[in-house]
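Peer 1: whatever this is, show me its structure:
(chains A, B, C and D)
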Protein chains: 2
Amino acid sequence: MLAAERHDHLLGLLAREGKIVAKDVAAELGISEDSVRRDLRDLASEGLCQRVYGGALPVSPAVVGYAARQTVAPDGKRKVASLAAGLVRPGGALILDGGTTALAVARALPQNLACTVITHSPTIAAALLDHPQTELFLLGGRIFKHSAVACGAAAVEAAQNVSADLCLLGVTGVHPEVGLTTGDAEEAAMKRALAARAADTYILASSEKLGTASQFRVLPWEKISGLITDADPHDAVVERLTARGVEILTTG
Amino acid sequence: MLAAERHDHLLGLLAREGKIVAKDVAAELGISEDSVRRDLRDLASEGLCQRVYGGALPVSPAVVGYAARQTVAPDGKRKVASLAAGLVRPGGALILDGGTTALAVARALPQNLACTVITHSPTIAAALLDHPQTELFLLGGRIFKHSAVACGAAAVEAAQNVSADLCLLGVTGVHPEVGLTTGDAEEAAMKRALAARAADTYILASSEKLGTASQFRVLPWEKISGLITDADPHDAVVERLTARGVEILTTG
DNA sequence: AAGATACATGCAGAAACGTGCAAGAACAGG
DNA sequence: CCTGTTCTTGCACGTTTCTGCATGTATCTT
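Peer 2: Model prediction:
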């Protein structure tokens, strides 16, 4: 790992997550905390970050405000994400939904994975800009602030022109009888359009979503290849889904 | 293995992986690290790569350095940006190009401005997510890593379906005779498509770009409403543009 | 106030660097 | 075909830079 590469990594981290914890980065990159501190000192001297006790923050408070909402993914979500990232085959095409779980998946993709990622989320697209081998295709349309993704007629139409091996969808509710649901009709339609363009569709759902349902149905279970979750395999909802023939991938 | 062959290999590696580690390449090609270093020195002297301790990085590190470029908004660029932001009328529609200057404009837009922003840059879209009153429309397509915007046939086609009062374009070169230029053909085509959909098109150009030209022409001066720059009004290039009838907005 | 954590500094080993040099290949001219 | 020149390449050397550890100090937390 080159020093300059570390610097870029740190700046990327800063932009994406809004903060740097020296200890974590050292563990993540397998280098000493001293090196991280030295790097941060260098960056700070160039005005590229603001040094604080324990790590660093972006220089511009505006960035912080934005990044604050994109808090670091909780442990369960991260596990789900890395499990899902493992499904992506080199050379394959992946349709990636918006939302925090999908963002965690994007971050979990290996830096040098050569694949095509199709998304309607500008946030996810921005997060994947530093993956040199990844071909990115953005589905345009009106941006729904609520979820920060492109939805609506234009986006659905754009989705008709792509196809992929795998589609990873986040949802709000996962219920054995009701199916998969979300809180916005446009979003639901968009997710349907995405799922229709992939050979396989997997659902990303951390355990707290199991057994709940929202207002708008996305898809019935028949259209789904499987569910990726961090719930216990013996969870009541999980067992009912298994009985229904849904493949369950758990982090356990 | 010929020297020129090695050079090609190195540039390819740089493009594919975003970095070169001298030691690894030496082992891979079965040549000494000294030769690799010499090659890298040559490439760097031609401006084809950026030498760093341990290897080399792309010279225009769209991939790696993008985050860095985002954080630093030099004073001149910020002034240009806030001047441009002042052109946006409440209730109006704005087509905003990609690039660092355009990003600075996005950041300079008042938090509560009620307007529509159309862009082909996921980065800009992400930056405007926290403007509650701003309607966002994203133009999709293949993402060009070099500039981090959607370009190509799909993006140009998507642009045909929008229209706006104002278009703000960033360019690489601003030359009285040659016109407005940029370094990539696809980008140039996309900028043309954007400009064609707006009633008025203004160019964003910090002073160091004045009098320079790149490979691909974007638009002739006739199609441009004006130039927004931080250059001195008595600058030689500025005066020649004024003589040509181009409206100049300066921060002075 | 005390323990824990993060920090700066100095230091030593390791890695990368530049330079000079010699062996070899490619080439031009006789 | 031979010879001298030039260019390239790898090695050796001394120098610079980086990195992790140890030390003592500063800062945070409880």
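Peer 1: where does pLDDT dip in chain A?
Peer 2: A:15-16, A:60-75 (pLDDT under 70).
Peer 1: quick check: the residue of the stretch 51-200 of chain A found nearest DNA strand D vs A:A27, distance?
Peer 2: When distances are taken as CB to the nearest atom of the strand, the stretch 51-200 of chain A approaches DNA strand D most closely through A:Y53, which lies 4.5 Å from it. No exception for glycine: its C-beta is placed from N, CA and C like everyone else's. Noted for A:Y53: a distance of 18 Å to A:A27, by CB to CB, to the nearest Å.
Peer 1: so which of the two has more stuff around it?
Peer 2: A:A27 (12 against 6; other CB atoms under 10 Å in any protein chain shown).
Peer 1: doesn't that one fall inside a helix?
Peer 2: Yes. When DSSP: H, G, I helix; E, B strand; the rest coil is applied, A:A27 is found to be in a helix.
Peer 1: any part of the helix or strand harbouring A:L40 near chain B?
Peer 2: For A:L40, the enclosing helix or strand under DSSP states H and E is helix A:33-45. No. Using CB under 8 Å from any CB of the partner chain, helix A:33-45 stays clear of chain B, with a minimum separation of 8.8 Å.
Peer 1: burial count for A:R89?
Peer 2: Every residue meeting other CB under 10 Å relative to A:R89 is counted, giving 12.
Peer 1: am I right that it falls within a strand?
Peer 2: No. Counting by three-state DSSP, A:R89 is not found in a strand; it is coil.
Peer 1: wait, does the helix ranked longest in chain A contact DNA strand C?
Peer 2: Looking across chain A with DSSP state H, the single longest helix is helix A:3-17. No. Contact of helix A:3-17 with DNA strand C (CB under 7 Å from any atom of the strand) is absent, the minimum separation being 9.6 Å.
Peer 1: which residues sit against the helix or strand just after that helix?
Peer 2: Counting by DSSP H and E, the next helix or strand C-terminal to helix A:3-17 is strand A:20-21. Strand A:20-21 is contacted by residues A:L10, A:L13, A:L14, A:L40, A:C49, A:G54, A:G55, A:A56, A:L57 when judged by CB atoms under 8 Å, 6 or more residues apart in numbering or on different chains.
Peer 1: the same query, at a cut-off of 7 Å, please.
Peer 2: For strand A:20-21, contacts defined as CB atoms under 7 Å, 6 or more residues apart in numbering or on different chains pick out A:L10, A:L13, A:L14, A:L40, A:G54, A:G55, A:A56.
Peer 1: sheet partners, orientation included, of that strand?
Peer 2: When pairs are called by DSSP bridges, strand A:20-21 turns out to pair with strand A:55-57 (antiparallel).
Peer 1: quick revisit: just the CA atoms of the helix holding A:L40, as CSV, please.
Peer 2: Output in CSV follows, covering the C-alpha atoms of helix A:33-45 (Å, rounded to 0.1, in the frame of the first residue of the first chain):
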residue,chain,number,x,y,z
GLU,A,33,-1.9,3.8,14.3
ASP,A,34,1.2,5.9,14.1
SER,A,35,1.2,5.9,10.4
VAL,A,36,-2.4,6.9,10.3
ARG,A,37,-1.7,9.7,12.7
ARG,A,38,1.2,10.8,10.5
ASP,A,39,-1.0,10.7,7.4
LEU,A,40,-3.7,12.7,9.1
ARG,A,41,-1.1,15.3,10.3
ASP,A,42,0.1,15.6,6.6
LEU,A,43,-3.4,16.0,5.3
ALA,A,44,-4.3,18.5,8.0
SER,A,45,-1.2,20.6,7.2
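Peer 1: want to throw the contacts of strand A:20-21 into CSV with neighbour count?
Peer 2: Compiled in CSV, these are given as follows (neighbours: other CB atoms under 10 Å in any protein chain shown):
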residue, neighbour count
A:L10, 25
A:L13, 21
A:L14, 28
A:L40, 23
A:G54, 11
A:G55, 20
A:A56, 27
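Peer 1: around DNA strand D, pick out the residues from the stretch 51-200 of chain A.
Peer 2: Residues of the stretch 51-200 of chain A lying close to DNA strand D by CB under 7 Å from any atom of the strand are A:Y53.
Peer 1: for the stretch 51-200 of chain A, which segments count as strands?
Peer 2: Taking DSSP state E, counting those that start in this stretch as the criterion, the stretch 51-200 of chain A contains strands spanning A:55-57, A:93-96, A:116-119, A:135-138, A:141-144, A:149-151, A:164-170, A:173-175, A:179-182, A:198-204.
Peer 1: list the contacts for the closest residue to A:S82 other than its chain neighbours?
Peer 2: Using CB to CB, 6 or more residues apart in numbering or on different chains and skipping the chain neighbours, the partner closest in space to A:S82 is A:A108 (4.5 Å). Residues in contact with A:A108 (CB under 7 Å, 6+ apart) are A:A81, A:S82, A:A85.
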